[in-house]
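1. Sequence unavailable; structure follows:
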């Protein structure tokens with residue numbers, strides 16, 4: 001697996017317009033055993049868009065946020081913006097790749113899709129196992145999307161939105177079955193919102209009070225709810241997100257510790273070093289050495 005060199009940030013790949021249809025918000029590509037070699041996917045990277053890949057048949061391994069996945073047949077893989085992805089090697093692929101942007105979800109007729117569990121991805125998931133019946137439904141919806149995708153015109157976007165709504169709603173039901181089966185209470189929703197705000201601002205905001213101010217509640221109330229719902233202090237959630245990003249950068253890049261510290265909002269590299277060791281039990285340098293040896 002490739003890592004990034006010193007001074008090289010984890011690249012964020014923007015959405016690429018479909019050269020055939022000209023679409024700037026949505027693309028769909030079916031593969032029938034092609035061996036597609038894209039070198040930029042073999043290095044750690046983030047995507048600035050949503051990706052769904054239905055694997056009908058494929059073998060190989062890829063990584064998402066330091067977790068490896070051996071690809072399985074009849075399985076749906078998905079990623080949300082900002083997860084770190086890397087493939088180990090190109091392999092023949094049978095299936096369908098679907099991408100769409102945040103702007104696509106922001107369109108009025110798609111607004112409800114933004115709240116679906118698969119899109120929110122609260123459990124940082126990546127893999128949905130499909131039964132034969134689920135796989136057949138997914139293939140049917142992808143076939144309808146593909147047909148409509150090739151028919152530009154006045155009604156195309158409405159039809160794409162309709163079929164995508166069915167597909168994402170079904171996949172979200174599977175998501176809740178495979179990751180959680182519970183409806184969110186008000187306090188659980190507050191925890192989710194707090195986690196979303198951390199995701200947006202963890203580099204700049206390291207204190208619970210700053211997030212409480214954003215949510216227009218007291219730091220004490222936020223801390224009480226978060227602790228009751230998650231079993232962890234609110235500050236621990238902030239620290240865990242910082243540690244996750246630090247681990248990503250230590251694993252995937254050759255950035256210096258000072259560069260990583262600055263990227264995560266620490267003005268003092270020595271404080272970052274103490275923070276990381278306090279949270280993980282090892283120094284950043286020790287973690288980098290150990291994790292690299294483990295996955296060589």
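-> On my side now, so go ahead. As the structure is a computational prediction, the values presented were derived from the model and not from experiment. Residues are numbered from 1 along each chain as shown.
2. contact partners of stretch 100-120?
-> Outside of stretch 100-120, the residues within contact range by C-beta atoms under 8 Å, 6 or more residues apart in numbering are 15, 24-27, 48-50, 78, 80-81, 157-158, 161, 164-165, 168-169, 171-172, 175-176, 179, 192. C-beta: built from backbone N, CA, C; applies to glycine.
3. Among those residues, name the ones in helices.
-> Mapping these onto helices (DSSP state H) picks out 157-158, 161, 164-165, 168-169, 171-172, 175-176, 179, 192.
4. can I get those in a markdown table with pLDDT and neighbour count?
-> Listed next are these as a markdown table, based on pLDDT from 0 to 100; neighbours: other C-beta atoms under 10 Å:
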| residue | pLDDT | neighbour count |
| --- | --- | --- |
| 157 | 81 | 18 |
| 158 | 85 | 11 |
| 161 | 88 | 17 |
| 164 | 93 | 24 |
| 165 | 93 | 16 |
| 168 | 96 | 25 |
| 169 | 96 | 14 |
| 171 | 96 | 23 |
| 172 | 95 | 19 |
| 175 | 94 | 23 |
| 176 | 90 | 15 |
| 179 | 86 | 15 |
| 192 | 84 | 14 |
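5. Just name the closest of the residues you listed to residue 92, please.
-> Here the nearest of the ones in helices among the contacts of stretch 100-120 to residue 92, counting by C-beta to C-beta, is residue 171; it sits at 24.7 Å.
6. Skipping adjacent residues, who's closest to the closest one in space?
-> Once flanking residues are discounted, residue 171 sits nearest to residue 118: 5.0 Å by C-beta to C-beta, 6 or more residues apart in numbering.
7. Let's verify the one you found: helix, strand, or coil?
-> Taken by DSSP: H, G, I helix; E, B strand; the rest coil, the conformation at residue 118 corresponds to helix.
8. Same question for residue 69.
-> strand.
9. Relative to residue 276, how far out is residue 270?
-> 11 Å (C-beta to C-beta, to the nearest Å).
10. Neighbour count: those two, which is higher?
-> Each of residue 270 and residue 276 has its neighbours counted (other C-beta atoms under 10 Å); residue 276 has more, 27 against 11.
11. Sticking with residue 29, tell me its helix or strand.
-> Using DSSP states H and E, the element containing residue 29 is strand 26-34.
12. Now do the buried residues in that strand.
-> Buried residues in strand 26-34, counted by 16 or more other C-beta atoms under 10 Å: 26-31.
13. ok, that strand: who's next to it in the sheet?
-> Using DSSP bridges, the strands paired with strand 26-34 are strand 93-100 (antiparallel).
14. buried stuff in the next helix or strand after the partner strand?
-> Scanning forward in sequence from strand 93-100 by DSSP H and E, the next helix or strand is helix 102-106. Of the residues in helix 102-106, 104-105 count as buried by neighbour count, 16+ other C-beta under 10 Å.
15. Sweet, I'm off.
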